[in-house]
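> Give me the fold of what follows.
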Amino acid sequence: MNLSLQQLRGFVAVAEERHFGRAAARLNMTQPPLTRQIQALERALDVVLFERTGRGARITAAGRVFLDHCHRVLALLDAAPTATRRAAEGRTGTLRLAFTAIGAYAILADVLDLVKRHLPDVTVELTELVSPDQFAALSELRIDLGLVRPPIPEGYASLLVHSEDLVLAVPSGHPLAHDDGAPVALTDVADDYIGYSPEGSRYLHDICAAMIGVDRYAVSQLTSQVPTMLALVRA
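Here you go, the predicted structure:
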């Protein structure tokens with residue numbers, strides 16, 4: 001069924017004015033073409049939309065149902081240009097954001113707050129992925145933005161948004177737990193060291209490996225996530 005916007009707007013005008021002449025004047029047209037539009041619309045729908053009276057037009061029950069739908073359709077069409085422009089400008093739509101486990105602790109809340117304040121009509125879809133998996137997801141267009149750790153492969157643009165200190169966690173009864181705050185060399189604890197896995201946390205693995213020596217680092221306990229590390233430290 002082919003219904004034109006002109007027919008829908010003409011129908012709405014007659015329904016709201018309850019008079020063909022006033023509706024035609026509102027639409028800046030003469031009455032006969034408007035009358036033919038409504039008649040063609042009634043034939044297409046196979047219903048009577050108006051009861052013609054000596055004083056105007058009274059909408060039928062079927063006409064009231066059709067009027068509700070016309071209002072929704074026309075409202076959507078009127079809003080479409082603005083919504084389209086806002087989407088093109090990045091002010092509406094969905095942002096698919098990935099983050100690492102540590103990113104969730106360190107900066108995710110700040111990023112979400114920033115999006116909420118500056119892009120209130122944007123919906124954020126969150127996915128937790130390690131950095132290498134985020135780069136794969138970016139290349140496959142499964143996410144739009146990633147909170148990752150270096151190194152950044154070629155072909156990706158990046159911006160530094162957060163930096164943090166590297167610290168050593170020890171059990172509460174460990175001698176270093178009561179130290180005076182002096183710097184600790186990882187070589188001092190390498191024999192009992194729990195570090196980052198090269199598969200899941202290449203950036204931090206390489207930093208720590210350089211600090212304690214790869215030959216000794218190879219026999220350490222390795223994991224990718226800080227909560228797991230802390231649980232092993234406690235144990």
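> roughly how far apart are the residue lying farthest from the centre of the chain and residue 19?
Residue farthest from the centre of the chain, counting by CA atoms, centre = their mean, is residue 54 at 56.2 Å. According to CB to CB, to the nearest Å, residue 54 and residue 19 sit 11 Å apart. Glycine gets a C-beta too; all of them are placed from N, C-alpha and C.
> next one: residue 37
15 Å.
> Give me the more crowded residue out of those two.
residue 37 (21 against 17; other CB atoms under 10 Å).
> before we move on, what SS does residue 165 have?
Three-state call for residue 165 (DSSP: H, G, I helix; E, B strand; the rest coil): coil.
> hang on, the earlier thing: now do the residue farthest from the centre of the chain against residue 16, distance only.
In terms of CB to CB, residue 54 sits 20 Å off from residue 16.
> So which bits of the longest helix anywhere in the chain are buried?
Secondary structure of the chain per DSSP state H: the longest helix is helix 61-88. For helix 61-88, a neighbour-count test (16 or more other CB atoms under 10 Å) marks 63, 66, 67, 70 as buried.
> The last one against residue 8, yeah?
Yes: with the criterion set as CB atoms under 8 Å, residue 70 and residue 8 qualify as a contacting pair; they are 5.0 Å apart.
> Can you list the neighbours in contact with stretch 69-80?
With contacts defined as CB atoms under 8 Å, 6 or more residues apart in numbering, stretch 69-80 is touched by 5, 8, 9, 11, 12.
> Go through the residues you listed and flag which are in helices.
Per DSSP H, the contacts of stretch 69-80 map to helices at 5, 8, 9, 11, 12.
> how much space between the closest residue to residue 164 other than its chain neighbours and residue 147?
If the residues on either side of it in the chain are set aside, residue 164 comes closest to residue 106, at 6.2 Å by CB to CB, 6 or more residues apart in numbering. When distance is defined by CB to CB, residue 106 is 9 Å away from residue 147.
> Which one's more surrounded, these two?
Neighbours per residue (other CB under 10 Å) separate residue 106 from residue 147, with residue 147 holding more: 20 against 16.
> from what I can see the more buried one touches residue 105, true?
No: look at residue 147 against residue 105 with CB under 8 Å: they stay out of range, at 11.1 Å.
> hmm, back to that, please, a ChimeraX command that selects the buried ones among the ones in helices among the contacts of stretch 69-80?
To isolate in ChimeraX the members of the ones in helices among the contacts of stretch 69-80 that are buried, counting by 16+ other CB under 10 Å, one can use:
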select :8,9,11,12
